[in-house]
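Chemist: here are the coordinates; sequence isn't available:
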């Protein structure tokens with residue numbers, strides 16, 4: 001008499017790659033309130049598909065719900081079919097709700113409806129098609145999170161993505177935050193897989209019989225990130241250190257810790273030293289002169305951002321700082337929307353005359 005089939009034999013084998021992705025998701029979602037919803041930002045690629053599979057498995061065990069948000073950017077002829085395929089994958093993994101949002105991104109800002117009853121949820125921005133698509137995607141994700149009352153949006157960034165981000169930040173030379181990479185948790189967004197290599201995520205898909213989509217843009221070397229991924233990182237791994245990806249990720253973590261600590265210090269200091277002035281605010285020259293450049297520059301940028309909504313570049317920040325460190329009676333510094341001058345022992349920030 002034939003024996004009863006073993007139900008465990010029908011289940012996908014729990015391989016190390018699958019276990020790693022599930023563990024990472026479980027740790028990331030563990031503090032969400034019971035019954036809350038997490039939305040996976042799903043492209044259908046191996047990283048986000050591995051994330052969706054792990055979230056679909058772990059969320060119910062944590063008393064959570066998990067859905068998927070799929071953004072069709074319309075940047076490729078078959079993008080609609082790719083989005084529908086991702087939606088089918090999400091449905092098969094037990095995710096609910098599943099939303100496909102179609103947007104048409106303009107490279108230099110703006111966007112238009114795709115047609116029918118669908119409407120645009122986001123606009124693209126400057127920075128080429130990659131930057132515009134990213135801006136549109138995040139805007140659409142935020143709208144979806146509000147509509148579905150989601151407690152978190154899960155992004156499929158990997159350890160390799162973090163290393164690439166650090167290298168691109170180094171190339172820009174824009175300070176500590178540029179090499180701090182991506183945060184594991186940033187407000188609404190969570191990146192559960194940030195500690196796992198891309199190859200592990202691809203293996204997790206293969207082990208579960210999932211068939212991810214391969215984005216042709218990921219091999220298009222017109223994009224700086226693709227050049228880093230395909231040429232620069234492999235070169236560094238081969239000729240410098242096989243652990244360079246992990247080392248860059250450690251650098252990001254250390255830089256982020258330092259930047260967050262300094263920013264927290266400056267936030268607290270600002271409450272004590274920033275004085276209200278007519279049409280703006282002021283900071284004592286003595287305080288700025290007595291403190292290290294890292295604190296001085298952060299306070300200058302904080303005042304410009306918090307009081308006037310202006311993000312200062314390093315060059316602009318240094319021009320303001322020269323009113324403290326290289327003072328020889330010079331006149332005011334004129335910045336976009338802001339006029340900064342030294343008067344009566346204060347660095348005074350005020351709206352530029354044309355904005356008063």
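Modeler: Here it is on my side, so go on. Quantities reported herein were computed from a predicted structural model and do not represent experimental measurements.
Chemist: Name the next helix or strand downstream of the helix or strand of the chain at the bottom of the mean pLDDT ranking, please.
Modeler: Taking mean pLDDT, DSSP states H and E as the measure, the helix or strand of the chain with the lowest value is strand 111-112, at a mean of 40. Moving toward the C-terminus from strand 111-112, the next helix or strand (DSSP states H and E) is helix 128-148.
Chemist: I'd like to know how many residues surround residue 241.
Modeler: 11 (other CB atoms under 10 Å). C-beta here means a position set from N, CA and C on the backbone, and glycine is covered the same way.
Chemist: nope, residue 88 is what I meant
Modeler: 12.
Chemist: quick one: which helix or strand includes it?
Modeler: helix 79-92.
Chemist: For that helix, buried residues please.
Modeler: Neighbour counts over helix 79-92 (16 or more other CB atoms under 10 Å) mark 82-83, 85-87, 89-90 as buried.
Chemist: ditto for stretch 91-109
Modeler: By 16+ other CB under 10 Å, the buried positions in stretch 91-109 come out as 93, 95, 97-105, 107.
Chemist: Pretty sure residue 196 sits in a strand.
Modeler: No. Assessed with DSSP: H, G, I helix; E, B strand; the rest coil, residue 196 is coil; it does not lie in a strand.
Chemist: which residues in the chain form strands?
Modeler: Here the chain has its strands, by DSSP state E, at 37-41, 65-72, 98-102, 104-105, 111-112, 152-154, 185-186, 189-190, 275-277, 280-284, 333-335, 338-343, 346-351.
Chemist: Residue 254 is nearest to which of the ones you listed?
Modeler: With CB to CB as the measure, strand 185-186 is the member of the strands of the chain nearest residue 254 (17.3 Å).
Chemist: So for that closest one, mean pLDDT?
Modeler: Computed over strand 185-186, the mean pLDDT rounds to 94.
Chemist: related to what we said a few turns ago, could the strands of the chain go into JSON lines alongside distance to residue 16?
Modeler: Output for the strands of the chain, formatted as JSON lines (distance: least, CB to CB, whole Å):
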{"stretch": "strand 37-41", "distance to residue 16": "22"}
{"stretch": "strand 65-72", "distance to residue 16": "23"}
{"stretch": "strand 98-102", "distance to residue 16": "29"}
{"stretch": "strand 104-105", "distance to residue 16": "38"}
{"stretch": "strand 111-112", "distance to residue 16": "42"}
{"stretch": "strand 152-154", "distance to residue 16": "21"}
{"stretch": "strand 185-186", "distance to residue 16": "25"}
{"stretch": "strand 189-190", "distance to residue 16": "23"}
{"stretch": "strand 275-277", "distance to residue 16": "58"}
{"stretch": "strand 280-284", "distance to residue 16": "54"}
{"stretch": "strand 333-335", "distance to residue 16": "53"}
{"stretch": "strand 338-343", "distance to residue 16": "54"}
{"stretch": "strand 346-351", "distance to residue 16": "55"}
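Chemist: Lowest average pLDDT across those?
Modeler: Ranked by mean pLDDT, these bottom out at strand 111-112, which scores a mean of 40.
Chemist: The residue positioned nearest the centre of the chain: what's it in contact with?
Modeler: The C-alpha lying nearest the average C-alpha coordinate of the chain belongs to residue 182 (CA atoms, centre = their mean; 5.4 Å). For residue 182, the contacting residues are 157, 161-162, 165, 191, 194, 252, by CB atoms under 8 Å, 6 or more residues apart in numbering.
Chemist: And for residue 278?
Modeler: Residues near residue 278 by CB under 8 Å, 6+ apart: residue 350.
Chemist: so what's the backbone phi/psi at it?
Modeler: With angles defined as degrees, to the nearest 10, residue 278 sits at phi -60, psi 120.
Chemist: In this structure residue 130 contacts residue 223, no?
Modeler: Yes. Look at residue 130 against residue 223 with CB atoms under 8 Å: they come within range, at 5.4 Å.
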